[in-house]
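[1] no sequence on this one, just coordinates:
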């Protein structure tokens, strides 16, 4: 039920070139979308002048690499980065959390990347404010300027206020909770059905294409797999839409960009307590324990909304073959797409 701390999220090379020293020539593939091993290796060999456990020094190093303005795409307002230090890969993020950004708080975290062979995960986190020399100023809705050490960067949060699902993407009885922009690049509509007590992530196919979906097999075109993300979808036979049914478990364990949309809820676009009420429909025992965003009041984390499986082997997706049963009515069909208890 509880989601882990979403800020533990790596970024795959988005700022890698920013940490190269000025004396190096511009990379051959810069601006082309092409990356070269040469750039990775040369960045690996550059000595860093700061200690990795010195949070202010690391913040200064990363913040100095930011351009004058950045676009924060994920809907939980994380701006991810990565860097190399002492032969180790580190990832992290800046976050302008909807709960306290207007109070001048910028969350900053970094950690060594989680891999199966890493026995130790080092995490450094701090909520920064004026007391740390960090000024956060709201310029207008969803646009903030952060100043530190004589430098400023404008963080433009993703304005999805006009994004709503077309009528054919909503089944009878479903309500639209909000738009989700996942750090994988895929976009979703987060829906809820109160009577059937289920959340659903429906692929936003009006968004720019960010994935190529292939049929699970020659004999099963109802299940679709993303070539890049490994996200698994089921073609809804009652509505013209694709429902997320699975993500690869290895990505969840590594806490990377492809771990699923559970940690990119539409925080900026929740006007009331609609998400909280939906959660309480499923878990009424949490009435006194969560806020309107589903965050726990007395502990870290928030209620996990992941109505899909974490699969380790493709064969695990075959459990959804039964959902093709023509004898299933609408209620039975959508129940079939929900993960089993304990997933």
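    Now that the structure is in, tell me what you want to look at. In this text, all values refer to a predicted model and were calculated from it rather than measured experimentally.
[2] how about the strands in the stretch 201-343 of the chain?
    Applying DSSP state E, counting those that start in this stretch to the stretch 201-343 of the chain gives strands spanning 213-217, 220-226, 232-235, 242-248, 302-303, 309-311.
[3] how about CSV for those strands, with mean pLDDT, distance to residue 49 and mean neighbour count added?
    (C-beta placed from N, C-alpha, C; glycine too.) Output for the strands of the stretch 201-343 of the chain, formatted as CSV (pLDDT from 0 to 100; distance: least, C-beta to C-beta, whole Å; neighbours: other C-beta atoms under 10 Å):
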stretch, mean pLDDT, distance to residue 49, mean neighbour count
strand 213-217, 95, 46, 15
strand 220-226, 96, 41, 18
strand 232-235, 99, 45, 22
strand 242-248, 99, 38, 23
strand 302-303, 96, 37, 24
strand 309-311, 98, 40, 19
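[4] Tabulate those in CSV, adding columns for distance to residue 119.
    As requested, these are exported to CSV (distance: least, C-beta to C-beta, whole Å):
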stretch, distance to residue 119
strand 213-217, 35
strand 220-226, 31
strand 232-235, 31
strand 242-248, 22
strand 302-303, 28
strand 309-311, 22
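[5] for the ones you listed, which one sits closest to residue 168?
    strand 242-248 (12.1 Å; C-beta to C-beta).
[6] Show me the strands in the stretch 1-150 of the chain, by range?
    Applying DSSP E, counting those that start in this stretch to the stretch 1-150 of the chain gives strands spanning 2-3, 69-72, 78-85, 88-95, 106-112, 123-128, 135-140, 143-148.
[7] For residue 340, see how far away the residue of the chain positioned farthest from its centre is.
    In terms of distance from the mean C-alpha position of the chain, residue 327 ranks first, at 36.4 Å (C-alpha atoms, centre = their mean). Going from residue 327 to residue 340 by C-beta to C-beta, to the nearest Å gives 20 Å.
[8] where does the stretch 101-250 of the chain have low pLDDT?
    Judged against pLDDT under 70, the stretch 101-250 of the chain has no low-scoring part.
[9] rewinding a little: can you put the strands of the stretch 1-150 of the chain in TSV and add distance to residue 218 and mean neighbour count?
    Below are these laid out as TSV (distance: least, C-beta to C-beta, whole Å; neighbours: other C-beta atoms under 10 Å):
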stretch	distance to residue 218	mean neighbour count
strand 2-3	37	14
strand 69-72	40	14
strand 78-85	38	21
strand 88-95	38	22
strand 106-112	42	21
strand 123-128	45	16
strand 135-140	52	13
strand 143-148	49	18
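[10] Mind putting those into a markdown table with distance to residue 240?
    Below are these laid out as a markdown table (distance: least, C-beta to C-beta, whole Å):
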| stretch | distance to residue 240 |
| --- | --- |
| strand 2-3 | 30 |
| strand 69-72 | 30 |
| strand 78-85 | 32 |
| strand 88-95 | 35 |
| strand 106-112 | 39 |
| strand 123-128 | 43 |
| strand 135-140 | 37 |
| strand 143-148 | 35 |
